[in-house]
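Asks: Would you be able to build a 3D model of this:
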Amino acid sequence: MKLTKMSLAFLAVSAGMTSVPTYAEKSEGFEFHGYFRAGVLLEANDDFKRSKFPASKERLGRLGIESDNHFELALQKNFENDRGQQVRIKTRAGADNSQYATNQLGANADAANSEIGMIETFVEFDGYTETGTVWGGKRFYGKDNYIFMTDFFYTDMSGTGAGVEGIELGGNKWDFAYIASDDSGDTGFWGDSNNIMNAVHVGVDLDGVELHAMAKYLPDNIVEEDGVANEYASSGYDLTAIVHSESVYGLSEKGFTKYIGQVGQGLGSGQLLGGTLTTYNTYAPGSNVTGNKITGTDCGTSCVKAVESGDMSARALVWGGYFFDNGVSVFHSLQGQYNDKEDGSTDSWASAMVRPTFPISDNLDFVTEAGYQYNREKDASGVKSTSYDYKLTVGPKLKVDTGFGPTPEIRFLATYLDGDQRDESDILVGVQADMWW
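Replies: Numbering: from 1, shown residues only. From the prediction side, this is the model:
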C-alpha cells in the first residue's frame, strides 16, 4: 500500500548532539505513517459475548467478521547528499500478534494489555545504482500484492536481507532480493526446530504484467509433532504472475481487474505459496489440512513448514472493482487453491465475495458484503469430505475525506453467518474504526 507523504519542517537539538557532520547535506524531512483498526464484534448465539475469529475473512470478506484488531506506526527519515543520492531510514513498530491475543481481541483501553514490537528496520539508497533502489535490513516485502476487501496478501515475502528494486535491465524494471525468515512462534534458536529459511526472489514488471519467482532453502527442517521430531522438505520454489487490467473483464473502462496465477512445490506449497515464514502466512489461507494442524495441534506455528518435497499447490485469484456514475461501487474477489500432497491426499478451497457500497451523502455510505466459501478434502486412503460457509453483512459507514489521501472510516455492522459445519446460524454485530495514513 503506497501511503501519502507528509513532510514536517522542524528544528530541534537532540540530547548529546553538540556538532553537525562536516559533509554537505540536504535533509528532505521526516515522515510518519501508520495503520490501525480497532473494534468489537459480538455473537448473538453466545449471549452477545466476544466473537473470536468467527470465519475466514480472507475468503468471505472482512466486513462484519474481522474480530482481530491491529496497529502499526512507521517513522521515516530522509536525506539527500550533495551528489543527489537519497537515503531513507525506515522503522515500523506494530502489534505483536504472533505471541499474544490481547492485541487482536482485547477491548480494554490500557497500554498494559497491548504488546508491541519492531516490525521493520531497514534503509533504502537511491542513486547508488544508475536506476532502482538498493535496500537492506528487516522489512515488509511483496505485501503490495493485496486484496483490501479480504485483507489477503497473496504474496508476503517479508524478512531480513538485502536487494534492489526497480533496476532497469533490457527496457524493463527488475527486483532482486535475498530474504531470510524463521518461525515467529518459536524462539528456540539453539536447535534445529527454528532454522532460517533462505529465499532468493526475482521479479520483473513487463508493462502491466508482473512475474515473480522465489527459490527457498531450509536446512534440517525439523518439526516436532506429538513428541516426535519429523524432518520435512528442505527446498522449494513458487512462481507468481499478475496481470493488471484497467477494465472490468474487458467489458467496461469504469473500473479495474487483476488476474493472478500462482504455483509452488515443497517449501513453496500450502501456506508458503508466494511467501516466506511470516506470522501472516502462517494463518493465511493455503492448505486447510495444514491450517488445522497449526491451530489444532501442539506443533502450532511450526506446522507451516510441515510440507514434503513432493507437495504441490496452485492458486488462482481474480479481483477488482466497478464504479457507477451515481457513486455506487462494487468490489469483488474470486479465488481458490488446490493442494496435491506427496502422500496422495488432496485438499482445496474456492471462495467468492462481493462488496456493493451505496453513497448516502458525502460522509455516509451504506455498505453490504456477501461471501461464500467451499472446502474439499480427500485423505490418503481416498475418503472425501466437503464443507461450506457463507455470510451477509450490512451497515452504515461514516467517513471523512482528509483531502490528502486517507479517509478514516467508522463502521456499524451486522452479519448473518452460517455453514454446514456450524451447529446453527449466527448473527454478529459490531463497530469498527479503520484508517491508514
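
Asks: Work out the gap between the helix or strand hosting residue 30 and the centre of the chain.
Replies: Element membership of residue 30 [criterion: DSSP states H and E] is strand 25-43. In this view, strand 25-43 has its centroid 16 Å away from the chain centroid, taken as Cα atoms, centre = their mean, to the nearest Å.

Asks: Give me the mean pLDDT for that strand.
Replies: For strand 25-43, mean pLDDT is 87.

Asks: Now it: buried residues?
Replies: For strand 25-43, burial by neighbour count (16 or more other Cβ atoms under 10 Å) applies to 31, 33-37, 39, 41-43. Quick note: C-beta positions are derived from backbone N, CA and C, even for glycine.

Asks: quick one: low-confidence parts of the stretch 301-437 of the chain?
Replies: Applying pLDDT under 70 to the stretch 301-437 of the chain picks out no residues at all.

Asks: Now do the strands in it.
Replies: 312-323, 329-340, 346-361, 364-378, 384-399, 409-419, 426-436 (DSSP state E, counting those that start in this stretch).

Asks: go on, the stretch 1-150 of the chain?
Replies: 25-43, 49-50, 70-81, 86-95, 116-126, 133-139, 146-147.

Asks: Turn these into a markdown table, including distance to residue 245.
Replies: Shown next, in a markdown table, are the strands of the stretch 1-150 of the chain (distance: least, Cβ to Cβ, whole Å):
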| stretch | distance to residue 245 |
| --- | --- |
| strand 25-43 | 27 |
| strand 49-50 | 41 |
| strand 70-81 | 30 |
| strand 86-95 | 31 |
| strand 116-126 | 30 |
| strand 133-139 | 27 |
| strand 146-147 | 15 |
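
Asks: Could I get the phi/psi values of the closest residue to residue 343 other than its chain neighbours?
Replies: With Cβ to Cβ, 6 or more residues apart in numbering as the criterion, residue 343 has its nearest non-adjacent residue at 4.7 Å, and that residue is residue 380. Main-chain dihedrals, residue 380, degrees, to the nearest 10: phi -60, psi -20.

Asks: isn't residue 380 right up against residue 342?
Replies: No: counting by Cβ atoms under 8 Å, residue 380 stays clear of residue 342, with 9.7 Å between them.

Asks: Mind putting the buried residues of strand 25-43 into a markdown table with distance to residue 163?
Replies: Converted to a markdown table, the buried residues of strand 25-43 look like this (distance: Cβ to Cβ, whole Å):
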| residue | distance to residue 163 |
| --- | --- |
| 31 | 22 |
| 33 | 21 |
| 34 | 25 |
| 35 | 24 |
| 36 | 29 |
| 37 | 30 |
| 39 | 36 |
| 41 | 39 |
| 42 | 44 |
| 43 | 44 |
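
Asks: With distance to residue 173 and mean neighbour count added, can I get the strands of the stretch 301-437 of the chain in CSV?
Replies: Formatted as CSV, the strands of the stretch 301-437 of the chain follow (distance: least, Cβ to Cβ, whole Å; neighbours: other Cβ atoms under 10 Å):
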stretch, distance to residue 173, mean neighbour count
strand 312-323, 23, 20
strand 329-340, 27, 20
strand 346-361, 32, 18
strand 364-378, 35, 19
strand 384-399, 35, 17
strand 409-419, 33, 18
strand 426-436, 25, 18
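
Asks: How about the contacts made by the residue most central in space within the chain?
Replies: By Cα atoms, centre = their mean, the mean C-alpha position of the chain lies nearest to residue 153, the distance being 3.5 Å. Shown in contact with residue 153 (Cβ atoms under 8 Å, 6 or more residues apart in numbering): 142-143, 145-146, 275, 280, 284.

Asks: Show me the beta-bridge partners of it.
Replies: residue 146 (DSSP bridges).

Asks: Start the count at 59 instead of 1 going forward.
Replies: Will do, 59 is the new start, and the previous item becomes residue 211.

Asks: Which of the contacts of residue 211 fall in helices?
Replies: residue 338 (DSSP state H).

Asks: For the contacts of residue 211, which single residue is the most surrounded?
Replies: residue 333 (33 neighbours; other Cβ atoms under 10 Å).

Asks: any idea how far it is from residue 118?
Replies: 21 Å (Cβ to Cβ, to the nearest Å).

Asks: Reformat the strands of the stretch 359-495 of the chain as CSV; add distance to residue 301.
Replies: CSV is the format used below for the strands of the stretch 359-495 of the chain (distance: least, Cβ to Cβ, whole Å):
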stretch, distance to residue 301
strand 370-381, 10
strand 387-398, 14
strand 404-419, 19
strand 422-436, 24
strand 442-457, 29
strand 467-477, 30
strand 484-494, 26
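
Asks: Residue 185: which of the ones you listed is closest?
Replies: strand 484-494 (28.7 Å; Cβ to Cβ).
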